[in-house]
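give me a 3D structure for the following:
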Amino acid sequence: MRRFPPERIVCLTEETVETLYLLGEEDRIVGVSGYAVRPVRVRREKPRVSAFTSADLPKILALRPDLVLAFSDLQAGIAADLARAGIAVHLFNQRDVAGILAMIRTLGALVGCPDRAEALATAYAARLAEIAAGAENDRRPRVYFEEWDEPLISGIGWVSELIGIAGGRDVFADRAREPAARDRVVTPEAVIAAAPEVILASWCGRKVVPARIAARPGWGAIPAVEAGQIVEIKSALILQPGPAALGDGLDAIRAALRPAAAGRVQPPVIRTA
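Residues are numbered from 1 along each chain as shown. Alright, predicted model coming up:
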């Protein structure tokens, strides 16, 4: 890092973008991921320099960043290329709720506003605890979260935790601890056997087609399919491990679980959150 706090930051994933805006440090951002959509104004304010597993290195270098923020092993190659070009890189790797809160605190420290970051993380933690306490006495419906459809990939750590906080039971919670998608692949037969009462789907940047889920062979007998409880949650809300997931993503899960938690039988309506 050429100076502290860094004055020119490039964010290769959306969660650090949103966090910097929430901290009031958006003026430091000079480039963002093409997937960054929160807040809405980011798309007109900041140049897009990357996808998720690819980036325009000449464009990034032309921005003369003091710091580039990346995420996970999937961006390790980009991070290495930038490091070889003499750019400071911080690569986050949060995979659970605690990791998201730690990311907020770490990012605040990196940009010189640790107190604001601590207040933001503490506020999120308090809200999560309040919601979890409020759901303690509710009926806890079985939930299958589908992150991808070919092959079927179940929910990652923070998603599984948020399902629990919202009052549900992730039917593949044992797999959620696996950071790699390949280790969270499940069979159609395993989903049928798990008999989820709610199916949540977010196909990682691709529009979910609930009718295709309902039409899978043998899935008509799954309680969620019978009751029409197939709900898309937009990937921008739930698949980025940051403020969106802790806020609007959690709220979308809570809304999707409400009918099943109340024990109400719903008509076959396929919905989008």
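
so which bits of the helix or strand harbouring Leu82 are buried?
Assessed by DSSP states H and E, Leu82 sits inside helix 76-84. For helix 76-84, a neighbour-count test (16 or more other C-beta atoms under 10 Å) marks Ile78, Ala79, Leu82 as buried. C-beta coordinates here come from the backbone N, C-alpha and C atoms, glycine included.

contacting residues around the last one?
In this case it means Leu82. Neighbour list for Leu82: Leu57, Ile60, Val68, Val89 [criterion: C-beta atoms under 8 Å, 6 or more residues apart in numbering].

what do you get if the cut-off is 10 Å, keeping everything else the same?
For Leu82, the contacting residues are 10, 12, 55, 57, 60-61, 65, 68, 70, 75, 88-89, 91, by C-beta atoms under 10 Å, 6 or more residues apart in numbering.

from Leu250, how far off is it?
For Leu82, the distance to Leu250 (C-beta to C-beta, to the nearest Å) stands at 33 Å.

one more: the second one?
Separation of Ala79 from Leu250 (C-beta to C-beta) stands at 29 Å.

could you pull out the strands for the chain?
9-11, 29-33, 48-50, 67-71, 89-92, 142-149, 152-154, 169-170, 198-201, 230-232, 271-272 (DSSP state E).

out of those strands, nearest to Arg212?
Closest to Arg212 of these, according to C-beta to C-beta: strand 142-149, at 7.4 Å.

from the contacts of Leu82, which would you call buried?
Among the contacts of Leu82, the ones that count as buried by 16+ other C-beta under 10 Å are Val10, Leu12, Ala55, Ile60, Leu61, Pro65, Val68, Ala70, Gln75, Val89, Leu91.

residues near Met103, how many?
By other C-beta atoms under 10 Å, the residues close to Met103 number 23.

grab the nearest non-local neighbour of it.
Spatially, and ignoring its direct neighbours in sequence, Met103 is nearest to Gln94 (4.8 Å; C-beta to C-beta, 6 or more residues apart in numbering).

please apply the same query to Arg2.
Closest residue to Arg2 apart from its sequence neighbours, by C-beta to C-beta, 6+ apart: Asp66 at 4.9 Å.

for Pro5, see how far away the one you found is.
The gap separating Asp66 from Pro5 is 9 Å, by C-beta to C-beta.

intersection of neighbour lists for the two?
By C-beta under 10 Å, 6+ apart, Asp66 and Pro5 have these common neighbours: Arg28.

comparing these two, which residue is more hemmed in?
Applying other C-beta under 10 Å to Asp66 and Pro5 shows that Asp66 carries more neighbours, namely 18 against 15.

could I get the phi/psi values of that one?
For Asp66, the backbone dihedrals are phi -80, psi -30 (criterion: degrees, to the nearest 10).

surely Arg212 meets Asp149?
Yes - Arg212 is in contact with Asp149 according to C-beta atoms under 10 Å; the separation is 7.4 Å.

so for the two, which sits in the more crowded spot?
Asp149 (16 against 11).

wait, what's in contact with the nearest residue to that one once chain neighbours are set aside?
Of all residues not flanking Asp149 in the chain, Trp203 sits nearest, at 6.0 Å (C-beta to C-beta, 6+ apart). Listed by C-beta under 10 Å, 6+ apart, the contact partners of Trp203 are Glu146, Glu147, Trp148, Asp149, Glu150, Ile153, Val209, Glu232, Ser235, Leu239.

report how many residues lie close to the fifth one.
The one in question is Glu150. Neighbour count for Glu150, taken as other C-beta under 10 Å: 6.

return the residues in contact with it.
Contacts for Glu150 (C-beta under 10 Å, 6+ apart) come out as Trp203.

give me the phi and psi angles of the residue nearest to Gln75 when sequence neighbours are not counted.
Excluding its sequence neighbours, the residue lying closest to Gln75 (C-beta to C-beta, 6+ apart) is Leu12, at 5.8 Å. Main-chain torsions, Leu12, degrees, to the nearest 10: phi -90, psi -10.
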